[in-house]
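Novice: Next come a sequence and a model predicted from it.
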Amino acid sequence: MFDRFKAGLKSPAGQFLLMFGVLAFTLFWVLATPQAARLFVQPFTQGLVHVSQTLVAVFDSRVVADGDILRFNDGRGAVQVLAGCNAVEVCALLIAAVFAYPTTFVRSAIGAVIAVLALQTVNLARIISLLYLSRGEPSLFEFFHNYVWDAMIGLEGMVLFFTWAHFQPAQQPQASREVEA
Amino acid sequence: MIGIRTEHRRFALWAAAVLVILLPVWWLIGADLVLAVLRPAAALLFKVSGLEGGIDSSAQGWFVSTGLPLADGRGDLIYPVSRNNLRRLLLGFPLLLAFLCAPPRTPRLPRAIFIGSIALSVVFLLSLTAYVWGELAPMLNPALAPAGAPPTALLAAPPLHPAWAQTVLLGRYAGMSVLPLLTALLVWAAVNPTGLSALWSLKTEATERPA
């Protein structure tokens, strides 16, 4: 059984899972520290709020950004963007998956950048839609906040990774790479 | 969806369509049923992890008896876990069902649902314990509070060991964000290897060479 486990770990899928686990754990370990919250998560989240406000301002001048809060200036409707609502976590998972995939660093870096941009674009739609729900349909807000958008962003991350992986060229098996080296 | 393979598109559209039906049902009924079933196990796990462990349930959520004294002397802290947060921790159930309903499907659906339910229940219980301890950690040691967080109650008990504090903060963070999704995804991949290989396989030159 131990031999089977060892063989599984040496398979491409096993190595991918192991690398993905290590990268994801490391990223989350760092993101969960108060320092990361102060130096990265908070400024990034406030940036998202400001970008959302800039986008909404094109058609609605009543919306203002206030730190990590996006709100209507008449006080009727607001959202506070917190950790978990900024899609940083799904981005971290996606980055871990892309860099764990056996391809070149440049391809992984390009894939990660495109995937994060795609995820954050949808996340902007989430923030803006939740702002309008908080004003128009507060009873639906928690359902969309906790379930609908989380599920959709998760599904998007999954499809983005599968699609990116499909376009990666085949890699040489580990054994033949070692022989060539 | 230009550039997206047919299998990926079919999977995404099916999963999204099933979620449209499942999510409201789960939010309104399913999550409460699972919460009622898992409450005794959650109380036991709280006790094992060092809390008093009693749970009172109401329409607002669960009220957890921590057994930790408040610094202002007003008795022990009863920590409220909102119903919305509890439901959020159970998001993996409808996600897994949606993945399992999307093609390519496993021929052994009941077995997959059974295994998935056990895995998701375990992850829920661990995430919930980490969530509560992750909320208590800054009350025991205010230095762990995130920047800009509103002031919380202070507890008259020794702070958590730094490694344990970091572990529960990590668990709380992951549990409230991606753990339900990740568990659903990993369980789906484990119980439906045929579906996984149809959507994604690690390509090597050896696997691409004709036999």
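Specialist: Nice, thanks for sending it over. Keep in mind that this is a model prediction, so the values were computed, not measured.
Novice: what packs against the longest helix seen in chain B?
Specialist: Identified as the longest helix of chain B according to DSSP state H is helix B:109-140. Secondary structure elements in contact with helix B:109-140, counted by 3 or more Cβ pairs under 8 Å, 6 or more residues apart in numbering or on different chains; DSSP states H and E, are helix B:31-48, strand B:61-69, strand B:76-82, helix B:83-89, helix B:92-101, helix B:162-176, helix B:179-191. Using the backbone N, CA and C atoms, a C-beta is placed for each residue, glycine as well.
Novice: What's the mean pLDDT across whichever strand or helix holds residue A:44?
Specialist: For residue A:44, the element it lies in under DSSP states H and E is helix A:42-57. Helix A:42-57 shows a mean pLDDT of 93.
Novice: Tell me which residues are up against it.
Specialist: With contact meaning Cβ atoms under 8 Å, 6 or more residues apart in numbering or on different chains, helix A:42-57 is reached by A:63-65, A:67-70, A:81-83, A:85-86, A:88, A:120, A:123-124, A:127-128, A:131, B:146-148.
Novice: From the chain's centroid, how far away is that helix?
Specialist: Relative to the mean C-alpha coordinate of its chain, helix A:42-57 is positioned 16 Å out (Cα atoms, centre = their mean, to the nearest Å).
Novice: ok, now stretch B:186-204?
Specialist: On Cα atoms, centre = their mean, the centre of stretch B:186-204 falls 22 Å from the chain's centre.
Novice: then it to CSV, C-alphas only?
Specialist: Coordinates of each C-alpha in stretch B:186-204 appear next as CSV, following Å, rounded to 0.1, in the frame of the first residue of the first chain:
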residue,chain,number,x,y,z
LEU,B,186,-11.6,17.6,-4.6
VAL,B,187,-14.4,15.2,-3.7
TRP,B,188,-15.9,15.5,-7.2
ALA,B,189,-12.4,14.7,-8.7
ALA,B,190,-12.0,11.7,-6.3
VAL,B,191,-15.4,10.2,-6.9
ASN,B,192,-15.6,11.0,-10.6
PRO,B,193,-12.1,10.3,-12.1
THR,B,194,-13.6,9.7,-15.5
GLY,B,195,-15.3,13.1,-15.5
LEU,B,196,-12.0,14.7,-14.3
SER,B,197,-10.0,13.1,-17.1
ALA,B,198,-12.5,14.2,-19.7
LEU,B,199,-12.2,17.8,-18.5
TRP,B,200,-8.6,17.9,-17.6
SER,B,201,-5.6,15.7,-17.7
LEU,B,202,-1.9,16.3,-17.1
LYS,B,203,-0.5,16.0,-20.6
THR,B,204,2.8,14.3,-21.0
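Novice: my read is residue B:152 is in a strand, agree?
Specialist: No: with DSSP: H, G, I helix; E, B strand; the rest coil as the criterion, residue B:152 is coil rather than part of a strand.
Novice: Return the residues in contact with the residue nearest to it when sequence neighbours are not counted.
Specialist: Closest residue to residue B:152 apart from its sequence neighbours, by Cβ to Cβ, 6 or more residues apart in numbering or on different chains: residue B:139 at 5.4 Å. Shown in contact with residue B:139 (Cβ under 8 Å, 6+ apart): B:68, B:77, B:152, B:153, B:154, B:155.
Novice: how does it look with 10 Å?
Specialist: B:66, B:68, B:70-71, B:77, B:79, B:145, B:152-155, B:157, B:159 (Cβ atoms under 10 Å, 6 or more residues apart in numbering or on different chains).
Novice: Repeat that for residue A:150.
Specialist: Residues in contact with residue A:150, defined by Cβ under 10 Å, 6+ apart, are A:84-85, A:87, A:90, A:126, A:144, B:23, B:88, B:91, B:95, B:176-178, B:180-181.
Novice: since we're on residue 129, how many residues are nearby?
Specialist: Picking chain A for this. 15 (other Cβ atoms under 10 Å in any protein chain shown).
Novice: hm, I was asking about chain B
Specialist: Based on other Cβ under 10 Å, the number of other residues close to residue B:129 is 22.
Novice: ditto for residue A:42
Specialist: Residues within reach of residue A:42, counting by other Cβ under 10 Å, total 19.
Novice: Just name the shakiest helix or strand of chain B by mean pLDDT.
Specialist: When each helix and strand of chain B is scored by mean pLDDT, DSSP states H and E, helix B:205-208 comes last, with a mean of 44.
Novice: Sorry, wrong one. I was asking about chain A.
Specialist: In chain A, compared on mean pLDDT, DSSP H and E, the secondary structure element with the least confidence is helix A:174-180, at a mean of 44.
Novice: quick check: longest helix of chain A.
Specialist: Ordering each helix of chain A by length in residues (DSSP H) puts helix A:105-136 first.
Novice: Distance from the helix or strand following that one to the middle of the chain?
Specialist: On the C-terminal side of helix A:105-136, the nearest following helix or strand under DSSP H and E is helix A:138-143. Distance of helix A:138-143 from its chain centroid, counting by Cα atoms, centre = their mean, is 23 Å.
Novice: for helix A:138-143, which positions count as buried?
Specialist: By neighbour count with 16 or more other Cβ atoms under 10 Å in any protein chain shown, helix A:138-143 contains the buried residues A:141, A:142, A:143.
Novice: out of those, which touch chain B?
Specialist: Among those, proximity to chain B is found for A:141, A:142, A:143 (Cβ under 10 Å from any Cβ of the partner chain).
Novice: what's near enough to touch the second one?
Specialist: For residue A:142, the residues meeting the contact criterion (Cβ under 10 Å, 6+ apart) are A:130, A:133, A:134, B:27, B:82, B:83, B:84, B:87, B:88.
Novice: 8 Å instead, please
Specialist: Going by Cβ under 8 Å, 6+ apart, residue A:142 touches residue B:84.
Novice: do the same with the one 3 residues further on
Specialist: Residue A:145 makes contact with A:85, A:130, A:133, according to Cβ under 8 Å, 6+ apart.
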